[in-house]
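1. quick one: sequence and predicted model below, then my questions.
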Amino acid sequence: MAIKIIMLVLFFAIMLGVGIYSRSKAKNVNDYVLGGRTVGPWISAFAFGTSYFSSVVFIGYAGQFGWKYGLSSTWIGIGNALIGSLLAWLILGRRTRVMTQKLDAKTMPEYFGKRFDSQSLRVVGSIIAFIFLVPYTAGVYNGLSRLFGMAFNIDYRICVIVMALLTGAYVVIGGYMATALNDFIQGIIMLIGICAVIGSVLSGQGGFLKAIQSLSVIPTDPSVTTPALADSQGLFASFFGPDPLNLLGVVILTSLGTWGLPQMVHKFYAIKDEKAVKTGTVVSTFFAFIIAGGCYFLGGFGRLFGGFSEIYKPDGSVAYDSIVPTMLSTLPDLLIGIVVVLVFSASMSTLSSLVLTSSSTLTLDLIKPVLKKDMKEKTQLRLMQVLVMCFIVLSVVIAFNPPTFIAQLMGISWGALAGAFLAPFMYGLYSRNITKAAVWASYIVGVGFTILNLFIPMIKSPINAGAATMIAGLIIVPIVSLITPKPDKEKIDEIFKCYDETVVVHKTQSLEED
């Protein structure tokens with residue numbers, strides 16, 4: 001217990017120290033929200049990766065999908081790295097940085113408002129972002145509750161309050177730069193921690209080969225096996241697992257979803273230069289391979305711990321959120337301490353991004369344009385800091401009584417946000433023909449279908465429902481743009497001039513023609 005407490009106290013001290021150090025770099029709105037658009041390559045990459053992966057992945061997703069799909073759940077981590085990180089940086093990174101600077105947009109709703117010349121899109125986008133970031137935050141807290149129930153014999157509510165106060169302190173004090181620097185530190189902890197945990201868990205099962213052998217003889221579970229594979233054996237140790245189609249839905253939601261999440265895309269706004277784009281692409285992809293791939297790979301061995309009573313509810317069903325904590329409970333105290341700091345790091349990095357995104361979009365996209373257009377910059381800054389604490393208090397209240405298990409919370413949140421924002425944001429960076437009506441259609445489909453599916457389940461799994469809304473948006477936006485009035489050509493041409501500006505580079509970056 002002493003080891004765990006010492007490690008946590010040291011961790012807390014470092015986080016607060018970074019917040020105090022960053023205070024001088026958050027004196028205006030642009031610095032507070034975007035770090036002055038001067039964030040370097042490694043910090044940008046780690047900020048993206050640590051905001052991507054939280055206790056939702058470590059505790060919720062790794063446990064649930066590792067149990068359902070066995071080792072094939074590793075595909076989710078591979079998809080996160082290739083689609084959620086690599087392609088996101090290649091397709092969105094540079095263009096997002098250039099256009100948002102041209103539009104002077106600090107948030108995703110502000111981008112929609114200025115790119116499509118609509119104050120209504122901006123206001124409604126801010127409301128959608130705020131409402132559906134809340135269940136994601138609740139999922140982060142829910143994951144921590146399982147871990148602390150295993151590692152400490154104290155009320156999980158105390159842990160939630162401590163985490164909330166600490167996160168609120170360094171975000172309020174230092175803004176985006178404090179979160180980015182802490183993300184870098186937390187990312188290093190995550191990389192070291194996941195490697196140590198995987199090695200220890202497999203060692204406890206007799207080594208990698210022995211664990212694979214044990215997993216391959218576990219009987220097929222009809223509740224998680226597609227009918228076409230019902231009579232197969234060894235599916236939990238197989239390449240595609242017992243249910244490849246539903247596995248694909250999870251890959252799409254957790255990978256493509258990052259392209260439309262405000263707190264993720266926000267990282268591209270703050271990029272410093274071309275080097276940051278290139279290095280950030282490589283580093284964030286590597287980070288995702290290790291963290292996401294490692295988490296889901298670890299979760300794939302969850303069924304080897306099926307004899308533990310903690311994994312089952314009183315009615316005999318599986319408590320998915322208890323699987324990974326049960327696996328970790330067999331580790332030595334020092335490693336459990338590392339795991340606690342690991343998950344705390346992942347969760348705090350995500351939480352800080354969520355609260356900063358929510359407070360900034362409420363201030364800049366709802367309160368300022370609707371209630372007080374002439375709000376002074378200092379007032380905006382103070383209001384954002386107050387809203388950071390308000391959002392944290394709201395998320396703590398929900399965390400004390402989370403409505404459902406982690407994966408479902410994240411499915412609802414990501415489905416609505418990415419379903420509404422992904423398609424118009426991405427198409428808006430590339431095409432001059434996307435219309436205001438198409439953005440409204442994406443809002444309606446993403447949010448409308450998510451809410452409707454909660455009350456009238458057309459797609460039983462919120463995970464698959466979320467993936468469906470994203471794909472629907474990618475189809476609907478260009479179709480609606482074809483049949484609705486085109487935007488003003490002169491205004492659009494002026495916006496897209498930002499991509500045609502000439503820049504001078506060194507020969508090490510580009511060879512001139514003979």
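-> All right, it came through fine. Numbering: from 1, shown residues only.
2. what about Lys267, distance to Gly49?
-> 9 Å (C-beta to C-beta, to the nearest Å). C-beta: built from backbone N, CA, C; applies to glycine.
3. ok, His266 next?
-> Relative to Gly49, and taking C-beta to C-beta, His266 is found at 14 Å.
4. which residue of those two possesses the greater neighbour count?
-> The residue with more neighbours, out of His266 and Gly49, is Gly49; 32 against 25, by other C-beta atoms under 10 Å.
5. for Gln233, grab phi and psi.
-> Torsion angles at Gln233 (phi, psi; degrees, to the nearest 10) stand at phi -120, psi 150.
6. show me the contacts for it.
-> Pro219, Thr220 (C-beta atoms under 8 Å, 6 or more residues apart in numbering).
7. ok, now with 7 Å
-> Gln233 makes contacts with Thr220, as judged by C-beta atoms under 7 Å, 6 or more residues apart in numbering.
8. equivalent analysis for the one 3 residues further on, please.
-> The neighbours of Phe236, taking C-beta under 7 Å, 6+ apart as the test, are Gly70, Leu71, Leu215, Ile218, Pro242, Arg303.
9. sec struct for Asn30, please.
-> Three-state call for Asn30 (DSSP: H, G, I helix; E, B strand; the rest coil): helix.
10. that one and Arg115, how far apart?
-> Counting by C-beta to C-beta - Asn30 and Arg115 are separated by 19 Å.
11. cool, Phe287 as well?
-> Taken as C-beta to C-beta, the span from Phe287 to Arg115 is 30 Å.
12. same check, this time on Pro41
-> 26 Å.
13. more neighbours: which of these two?
-> Arg115 (26 against 21).
14. quick one, what contacts that one?
-> Taking C-beta under 7 Å, 6+ apart, one finds Leu103, Gly428, Ile495 in contact with Arg115.
15. list the contacts of the last one.
-> Right, the one you point to is Ile495. Neighbours of Ile495 in contact, by C-beta under 7 Å, 6+ apart: Lys102, Leu103, Arg115.
16. got phi/psi on Ile271?
-> Reported as degrees, to the nearest 10, the phi and psi values for Ile271 are phi -60, psi 140.
17. let me know how buried the closest residue to it other than its chain neighbours is, in neighbour terms.
-> The shortest distance from Ile271 to any residue other than its chain neighbours is 4.6 Å, reached at Arg97 (C-beta to C-beta, 6 or more residues apart in numbering). Arg97 has 22 neighbours, counted by other C-beta under 10 Å.
18. tell me where the stretch 301-450 of the chain has helices.
-> Assigned by DSSP state H, counting those that start in this stretch, the stretch 301-450 of the chain shows helices spanning 323-328, 333-362, 377-399, 406-430, 436-455.
19. for these, which has the smallest mean pLDDT value?
-> Ranked by mean pLDDT, the helices of the stretch 301-450 of the chain bottom out at helix 333-362, with a mean of 75.
20. by how many degrees do that helix and helix 406-430 diverge?
-> Comparing the axes of helix 333-362 and helix 406-430 via axes from the mean of the first three to the mean of the last three C-alpha atoms, to 10 degrees yields an angle of 50 degrees.
21. same for helix 333-362, what does it pack against?
-> helix 2-21, helix 41-52, helix 55, helix 119-151, helix 156-204, helix 262-269, helix 377-399 (3 or more C-beta pairs under 7 Å, 6 or more residues apart in numbering; DSSP states H and E).
22. buried stuff in it?
-> 335-362 (16 or more other C-beta atoms under 10 Å).
23. ok, then the element right after the worst-scoring helix or strand of the chain on mean pLDDT?
-> When the helices and strands of the chain are scored by mean pLDDT, DSSP states H and E, helix 55 comes last with a mean of 65. Later in the chain than helix 55, the nearest helix or strand by DSSP states H and E is helix 62-69.
24. return the list of helices and strands in contact with the helix or strand following that following helix.
-> Using DSSP H and E, the next helix or strand after helix 62-69 towards the C-terminus is helix 74-79. Counting contacts by 3+ C-beta pairs under 7 Å, 6+ apart, helix 74-79 packs against helix 244-256, helix 274-299.
25. now the last one against helix 156-204, angle please.
-> Read that as helix 274-299. Going by the same axes, to 10 degrees, helix 274-299 makes 80 degrees with helix 156-204.
26. from the chain's centre, how far out is helix 274-299? Work that out for me.
-> Relative to the chain's own centre, helix 274-299 is displaced by 13 Å; criterion: C-alpha atoms, centre = their mean, to the nearest Å.
27. got it, and stretch 221-238?
-> For stretch 221-238, the distance to the chain centre is 30 Å (C-alpha atoms, centre = their mean).
28. mind listing what's buried in it?
-> Buried residues in stretch 221-238 (16+ other C-beta under 10 Å): Asp221, Val224, Thr225, Leu229, Gly234, Leu235, Phe236, Ala237, Ser238.
29. shouldn't the last one be in contact with Ser73?
-> To tie it back to what came earlier, the one meant is Ser238. No. Using C-beta atoms under 7 Å, Ser238 makes no contact with Ser73, being 11.5 Å away.
30. nearest to Ile459, of the contacts of Phe236?
-> Taking C-beta to C-beta as the measure, Ile459 lies nearest Pro242 of those, at 19.6 Å.
31. my guess is that closest one meets Ala228, correct?
-> No. Pro242 is not in contact with Ala228 according to C-beta under 7 Å; the separation is 10.1 Å.
32. what about Arg23, how many residues close to it?
-> 15.
33. could I get the pLDDT score of it?
-> 72.
34. swap in Ser120?
-> Value for Ser120, per-residue pLDDT: 91.
35. how close does it sit to Ala45?
-> According to C-beta to C-beta, Ser120 stands 35 Å off from Ala45.
36. one more: Met348?
-> From Met348 to Ala45 the distance is 18 Å (C-beta to C-beta).
37. again, but for Pro369
-> Per C-beta to C-beta, Pro369 is found 33 Å from Ala45.
38. those two: which is more packed in?
-> Ala45 (28 against 17).
39. how about that one, nearest residue that isn't a chain neighbour?
-> In this structure, Ala45 finds its nearest non-sequential neighbour in Val283, 3.6 Å apart by C-beta to C-beta, 6+ apart.
40. confirm for me that that neighbour is in contact with Trp42.
-> Yes. Counting by C-beta under 7 Å, Trp42 is a contact partner of Val283 at 6.1 Å.
41. for those two, indicate the residue with more neighbours.
-> When neighbours are counted by other C-beta under 10 Å, Val283 and Trp42 differ, and Val283 comes out ahead with 21 against 15.
42. so what's the more buried one up against?
-> Val283 neighbours (C-beta under 7 Å, 6+ apart): Pro41, Trp42, Ala45.
43. if you set the cut-off to 8 Å instead, what comes out?
-> With C-beta under 8 Å, 6+ apart, Val283 has these contacts: Pro41, Trp42, Ala45, Phe46, Gly49.
44. before we move on, what about Gly419?
-> Gly260, Ser442, Val445, Gly446, Val447, Phe449, Thr450, Gly466, Thr469, Met470, Ala472, Gly473.
45. can you check Ser73 too?
-> Ala62, Phe65, Gly66, Gly241, Leu247, Tyr296, Phe297, Gly299, Gly300.
46. ok, back up a step: got CSV for the helices and strands packed on helix 333-362, with distance to Lys486 too?
-> Compiled in CSV, the helices and strands packed on helix 333-362 are given as follows (distance: least, C-beta to C-beta, whole Å):
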stretch, distance to Lys486
helix 2-21, 47
helix 41-52, 34
helix 55, 45
helix 119-151, 17
helix 156-204, 36
helix 262-269, 25
helix 377-399, 34
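47. of all those helices, which lies closest to Ala211?
-> Closest among those, using C-beta to C-beta: helix 156-204, at 5.4 Å.
48. packing partners of the closest one?
-> helix 2-21, helix 29-34, helix 41-52, helix 119-151, helix 274-299, helix 323-328, helix 333-362, helix 377-399 (3 or more C-beta pairs under 8 Å, 6 or more residues apart in numbering; DSSP states H and E).
49. Val439 and Val477, how far apart?
-> Taking C-beta to C-beta, one finds Val439 at 7 Å from Val477.
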